[in-house]
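> need a structure here:
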Amino acid sequence: MTYQPVVPLSGFAGWTFLQRTRESQQEAFENSQLIQRNTTYFEENIGEIKTAEALVDDRRLLEVALGAFGLDEDINNKFFIQKILEDGTLDPDSLGNRLSDKRYFAMAEAFGFGDFPIPNTELSDFPQEITSLYKERQFEVAVGNADTNMRLALSLDRELDTLLEESTTDDGRWFLVMGQPPVRQVFETALGLPSSFGSLDIDLQLTGFRDAASQRFGDAEVSQFADPEKREELIRLFLVRSEIAAGTASITGASAALTLLQNANIGGGLFG
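So this is what the prediction gives:
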């Protein structure tokens with residue numbers, strides 16, 4: 001059995017509850033049978049894996065490896081994952097470097113199959129590093145089973161810490177935001193950017209993100225979200241606007257249903 005996190009409320013009220021109970025809920029989740037079984041297997045066996053091919057051929061190891069980077073849905077894309085891992089990250093033309101979704105780059109960099117003669121799987125602290133990421137990500141997945149928006153808020157909180165540690169330019173941080181679909185979705189929603197925004201030229205998207213952030217927060221840089229108050233405001237905006245959008249969709253659906261019923265009644269009157 002796997003512990004299912006409790007999220008009794010939606011929106012920012014649900015986020016406040018989750019933050020207050022997160023430590024105890026995450027501990028219960030990590031102690032559940034499935035998580036313990038998966039992490040124990042990974043830690044006991046990953047040290048024997050020398051190649052990307054060997055990793056993708058062991059489904060149980062691959063499940064933890066992908067789960068640690070939020071790529072659970074790629075479990076059946078063995079050849080694709082093997083190619084990413086074998087290419088590594090040092091070559092600018094490697095697949096991980098060319099993909100816009102930088103979660104693949106992060107996974108290839110972590111395992112090091114294509115970058116070093118001896119992969120990182122042989123390092124003594126590697127198993128625990130990956131299982132720690134896995135447990136955190138899987139808790140987010142479990143929360144998402146109750147509330148998708150709450151999962152996105154949790155992932156933003158984690159990813160921003162990693163992103164802000166990157167040694168890059170101000171524009172580079174925005175490109176990192178744009179290259180991580182869950183983080184991008186939170187920013188787009190919180191900043192009120194339209195769903196068609198992602199189809200624009202990448203430089204226009206950069207300008208759009210900067211302008212929207214400056215207008216809403218008085219600062220155009222991603223680095224401002226190192227401030228806990230600004231980060232909390234970003235998450236609050238995301239959750240509130242997501243609820244509004246869901247409410248609008250619900251109202252629209254109800255209106256359509258009412259129209260159909262009214263038309264049916266009119267039809268009955270004309271032809272009954």
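
> Centroid-nearest residue for this protein?
residue 182 (4.0 Å; C-alpha atoms, centre = their mean).

> The helix or strand where that one lies packs against which elements?
Following DSSP states H and E, one finds residue 182 within helix 181-190. Packing contacts for helix 181-190, counted by 3 or more C-beta pairs under 8 Å, 6 or more residues apart in numbering; DSSP states H and E, involve helix 148-164, helix 170-178, helix 228-271. (C-beta placed from N, C-alpha, C; glycine too.)

> Check which residues of stretch 128-139 are buried.
Neighbour-count burial for stretch 128-139 flags 130, 131, 133, 134, 135, 136, 137, 138, 139 (criterion: 16 or more other C-beta atoms under 10 Å).

> Could you pull up the residues touching the residue lying closest to the fourth one once chain neighbours are set aside?
Computed as C-beta to C-beta, 6 or more residues apart in numbering, the closest residue to residue 134 that is not its neighbour in sequence is residue 68, at 4.2 Å. If you count contacts by C-beta atoms under 8 Å, 6 or more residues apart in numbering, residue 68 has them with 107, 110, 130, 131, 133, 134, 137.

> Considering these, which is situated nearest to residue 175?
Of all the contacts of residue 68, residue 107 has the smallest distance to residue 175: 18.7 Å, by C-beta to C-beta.

> Which strands and helices lie in contact with the one helix or strand the closest one maps to?
Residue 107 belongs to helix 103-111 when assigned by DSSP H and E. Here helix 103-111 touches helix 59-67, helix 78-87, helix 95-98, going by 3+ C-beta pairs under 8 Å, 6+ apart.

> Show me what the second one is in contact with.
In other words, helix 78-87. When contacts are defined by C-beta under 8 Å, 6+ apart, helix 78-87 is touched by residues 52-53, 55-57, 62, 66, 71, 74, 94-96, 99, 104, 107-108, 111, 113-114.

> Would you mind listing which of the residues you listed are buried?
Burial by neighbour count, judged by 16+ other C-beta under 10 Å, picks out 52, 55-56, 62, 66, 71, 74, 94-96, 104, 107-108, 111, 113-114 from these.

> Out of those residues, which one has the weakest pLDDT?
Minimum pLDDT across the buried ones among the contacts of helix 78-87 is recorded for residue 114, with 88.

> Would you mind measuring from it to residue 57?
17 Å (C-beta to C-beta, to the nearest Å).

> Okay, now the unreliable bits of the stretch 151-272 of the chain?
Within the stretch 151-272 of the chain, the stretches with pLDDT under 70 are 247-272.

> swap the cut-off to 90 and go again
By pLDDT under 90, the low-scoring segments of the stretch 151-272 of the chain are 157-159, 161-168, 179-182, 194-199, 243-272.

> List the contacts of residue 188.
Applying C-beta under 8 Å, 6+ apart, the residues contacting residue 188 are 195, 197, 198.

> Sorry, slip of the keys, the one I care about is residue 134.
Residue 134 makes contacts with 38, 39, 42, 64, 67, 68, as judged by C-beta under 8 Å, 6+ apart.
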